[in-house]
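Chemist: Mind looking at a prediction? Sequence and model below.
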Amino acid sequence: MTLRPFSSRQLIIPFSNLFLKTKTFFIRFQYPLISAPYKFLSVKGFHTSVFLQQSSHQSIVSALILAVSSCSSLFYCNSIHAYVIKSVNYSDGFIGDRLVSCYTKLGCVENAQQLFDEMPNKDLVSWNNLITVFARKGLVDKCTTAFFRMKFELDMESPNEVTLIGFISACIDYDDVDLGKYIHGIGLKLGLLFEVKVGNSLINMYGKFGCLDIACQIFEAMPVQNFVSWNLMVSVPSQNRFPEVGVGNFNKMQMNGLRPDDGTMVAVLQACENLGVGKLAETVHGLIVKCGLNANVTVSTSILDLYAKLGRLKDSCKVFGELIDPDRVSWTAMLAGYAVHGYGKEAVELFECMVRKGLEPDHVTFVHLLNACSHSGLVNEGKNYFKIMSRVYGIQPRLDHYSCMVDLLGRSGHLNDAYELITNMSMEPNSGVWGALFGACRVYGNIELGKEVAEQLFAMEPLDSRNYIMLSNMYSAAGLWKDASKVRALMKERGLARNPKPGCSFIEHENKVYRFVVDDQSHPESEKIHKKLEELIQKIRKAGFVSKTEYVLHDVEEDLKEDMINKHSEKLAIAFGILVTHDVGMPIIIRKNLRICGDCHDTAKFISLLENRTIIIRDAKRFHHFANGSCSCGDFW
């Protein structure tokens, strides 16, 4: 853009991205209300010139509507507003409503409210516009106030479906289920629930609030259900921890003769992820190919992301390789897959290939890249990418990036460097950043620094029991039983639960997912599973394995510690997997809700070597691929 002087009685309104890039485009008009000197802003890249001073009223209104729609500056919004006051009427082409939207979009909420209050003859469309723009900006209080003012001032005119949809969106942002039920009641009273868009908005709202039963009732009562309705009934149950209900609704949708679209498939793939059933994922993938939706980049990206989260990284790579023109999201999803599976070098290679292809990485790409470096101990590479992120790509570090870097340095034993990075951050560190250092202190047994970090976390999250448990475990691992007891007493004093969730492991066999907990006896073949586990432990002991009883955080005898640690849930799942899968080429895939302990990690390495099996375990942080006596994490986890 170029700036050059212009008459104080004329003003130029800029436009952007409206016409083909040829000549300069601008609107010029007489503006006697402004006496201060102005600059002429020439916006290059447009086709023609429009002069308002000698145009008809209709063309002036059209040009002003165009100007408001493309306005990206408060200065020009004020200028257009002034010309509207001078030359036209607020009701012409809904210019007043558009100015309200423009002010709100630019963050000038008070200006928008003042303009709206000054507008004469406000109708239902005007009120709906105000409610909608406030809802989109997350201004729930203003949205609520506008709604009740509208009901009072419009007298005979009632809210319509547009009003309710805008207000329902605000209820979701405000997380107010009672307010949502109130709007639901108004819709019922006015007979607006027959409008499919209103019904869909309510289903989405109740789904967000966890009220699955009400969402299902609304769906069943709808006289007409469109694709959005069915897609919601696939996604909403999955969001509320009932993925099997979502898959069931997907089947009903097909039985009703509806052909699934890309939104349906993304929703059902999310349900497959929550179920964790690989066979189901394969079936859905086949249906996607049959429907021709595999050509959709969003759907294919969801497939490769699902396979990666199910531990099937090879399938993810295959899907990515079949993409004709992967976008940045696809590249980032593949990079995230490599990162969570501990394939740091492959992630770095993929990133470099992405850049060579001309795709610009964003902040999410760098989060996964730094995470990949962290999980593979690539300290120098991680430091380099953290630097070039801002220097080369202009992406300023966010809390997630700092958390990854602290995790990278901490996992590699550079605790002092990690602490220094936190103290020199350009923003206030959050619990995620401090938590990354806290985890490293636990791994390396740095009690002194761990206690200091714990104090920071206690101040930030006084009711999060996990921080107290970790500090107590650190003391227990170091044999400082009195200190551990003091932490547990502090938890009791503050009314915190000692065990927020028990450790458990999941493994799939013949389209069914089996769950194991510590010393589980609930499986029908429990006796065989425990016997097999004992055989495996005896076998690895003969090969030189020694139990790491320091991971038993109880002040008991050594023999009892060993007995307790040998019955961890992942060990039982491994024994079960070896019992039921006779194909040595088939990997044993296990999901665990907590971080895998060091003893189970070493046990899996030994079993993979002696049984010639590939064992894949996903814990709360990442995947571990055990094969030939080693792990893909390189013991960095």
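Modeler: Yep, it's here.
Chemist: Would you indicate which residues of stretch 310-328 are buried?
Modeler: 310-313, 315-317, 319-320, 323, 326 (16 or more other CB atoms under 10 Å). The C-beta positions use only the backbone N, C-alpha and C, and glycine is treated the same way.
Chemist: Over to stretch 130-142?
Modeler: 130-137, 139-140, 142.
Chemist: ends of it, how far apart?
Modeler: The straight-line separation of the ends of stretch 130-142 (CA to CA, to the nearest Å) is 9 Å.
Chemist: could you pull out the helices for the stretch 501-637 of the chain?
Modeler: 526-542, 558-565, 569-580, 598-610 (DSSP state H, counting those that start in this stretch).
Chemist: Looking at the ones you listed, which is nearest to Trp230?
Modeler: With CB to CB as the measure, helix 569-580 is the member of the helices of the stretch 501-637 of the chain nearest Trp230 (36.0 Å).
Chemist: average pLDDT for stretch 420-436?
Modeler: Mean pLDDT, computed over stretch 420-436, is 94.
Chemist: Tell me where the model's unsure across the stretch 251-400 of the chain.
Modeler: Across the stretch 251-400 of the chain, nothing is flagged by pLDDT under 70.
Chemist: can we see that at 90?
Modeler: Counting by pLDDT under 90, the stretch 251-400 of the chain contains low-confidence residues at 256-259, 274-279, 342, 375-377.
Chemist: Near Asn612, how many other residues are there?
Modeler: Burial of Asn612 is recorded as 11 neighbouring residues (other CB atoms under 10 Å).
Chemist: ok, now which ones touch the nearest residue to it once chain neighbours are set aside?
Modeler: Once flanking residues are discounted, Asn612 sits nearest to Val584: 5.7 Å by CB to CB, 6 or more residues apart in numbering. Counting by CB atoms under 8 Å, 6 or more residues apart in numbering, Val584 touches 611-613.
Chemist: For Ala627, see how far away Val584 is.
Modeler: 12 Å (CB to CB, to the nearest Å).
Chemist: So Gly433 sits against Tyr402, correct?
Modeler: Small correction: residue 433 is Val, not Gly. Yes - Val433 is within contact range of Tyr402, at 5.2 Å (criterion: CB atoms under 8 Å).
Chemist: and for those two, which residues touch both?
Modeler: Counting by CB under 8 Å, 6+ apart, the residues touching both Val433 and Tyr402 are 422, 425.
Chemist: Centre of the chain to stretch 331-340, how far?
Modeler: Distance of stretch 331-340 from its chain centroid, counting by CA atoms, centre = their mean, to the nearest Å, is 15 Å.
Chemist: Can you tell me what sits against it?
Modeler: 301, 304-305, 307-309, 313, 316-317, 320, 326, 344, 346-347, 350-351, 354, 359, 361-362, 364-365, 368-369, 371-372, 375, 622-623.
Chemist: And stretch 180-197, by the same measure?
Modeler: Here stretch 180-197 has contacts from 158-161, 164-165, 167-168, 171-172, 198-199, 202, 205-206, 209, 218, 221-226, 228-229, using CB under 8 Å, 6+ apart.
Chemist: Only the buried subset of the residues you listed, as a ChimeraX command please.
Modeler: This is how ChimeraX selects the buried members of the contacts of stretch 180-197, with burial counted by 16+ other CB under 10 Å:
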select :159,161,164,165,167,168,171,172,198,199,202,205,206,209,218,222,225,228,229
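Chemist: can you tell me which residues contact Leu409?
Modeler: 379, 415, 417-418, 421, 440.
Chemist: ditto for Val406
Modeler: 418, 421-422, 433, 436-437, 440.
Chemist: That one and Arg391, how far apart?
Modeler: In this view, Val406 and Arg391 are 20 Å apart by CB to CB.
Chemist: before we move on, what about Val487?
Modeler: 43 Å.
Chemist: These two - which one has more neighbours?
Modeler: With neighbours defined as other CB under 10 Å, Val487 and Arg391 compare such that Val487 has more, 23 against 9.
Chemist: so where does the more buried one fall, helix or strand?
Modeler: Per DSSP states H and E: Val487 is located in helix 481-493.
Chemist: I'd like to know which elements that helix is packed against.
Modeler: With contacts defined as 3 or more CB pairs under 8 Å, 6 or more residues apart in numbering; DSSP states H and E, helix 481-493 has these neighbours: helix 465-477.
Chemist: Can you check what angle separates the helix it packs on from helix 481-493?
Modeler: With axes from the mean of the first three to the mean of the last three CA atoms, to 10 degrees defining the directions, helix 465-477 sits at 160 degrees from helix 481-493.
Chemist: which residue is nearest the centroid of this protein?
Modeler: Per CA atoms, centre = their mean, the C-alpha nearest to the average position across the chain is that of Val364, at 10.4 Å.
Chemist: Helix or strand: which one has the residue nearest to that one when sequence neighbours are not counted?
Modeler: Spatial nearest neighbour of Val364, excluding adjacent residues (CB to CB, 6+ apart): Thr332 at 5.7 Å. Assigned by DSSP H and E, Thr332 falls within helix 328-340.
Chemist: Can you point out the buried residues in that helix?
Modeler: Buried-residue list, helix 328-340, by 16+ other CB under 10 Å: 329-340.
Chemist: right, and the helix or strand after it?
Modeler: Heading C-terminal from helix 328-340, the first helix or strand you meet, by DSSP H and E, is helix 344-356.
Chemist: how about that following helix: buried residues?
Modeler: Buried-residue list, helix 344-356, by 16+ other CB under 10 Å: 344, 346-348, 350-351, 354.
Chemist: After it, which helix or strand is next?
Modeler: That would be, after helix 344-356 and using DSSP H and E, helix 363-375.
Chemist: Can you show me the strands along this protein?
Modeler: 2-6, 10-13, 27-30, 38-42, 50-51, 504-509, 512-517, 588-592, 615-618, 623-627, 630-631 (DSSP state E).
Chemist: any idea which of these scores lowest on pLDDT?
Modeler: strand 38-42 (a mean of 30).
Chemist: List the residues that contact Met265.
Modeler: Contacts of Met265 (CB under 8 Å, 6+ apart): 284, 287-288, 291, 293, 299, 302.
Chemist: Return the distance of it relative to Arg595.
Modeler: 33 Å.
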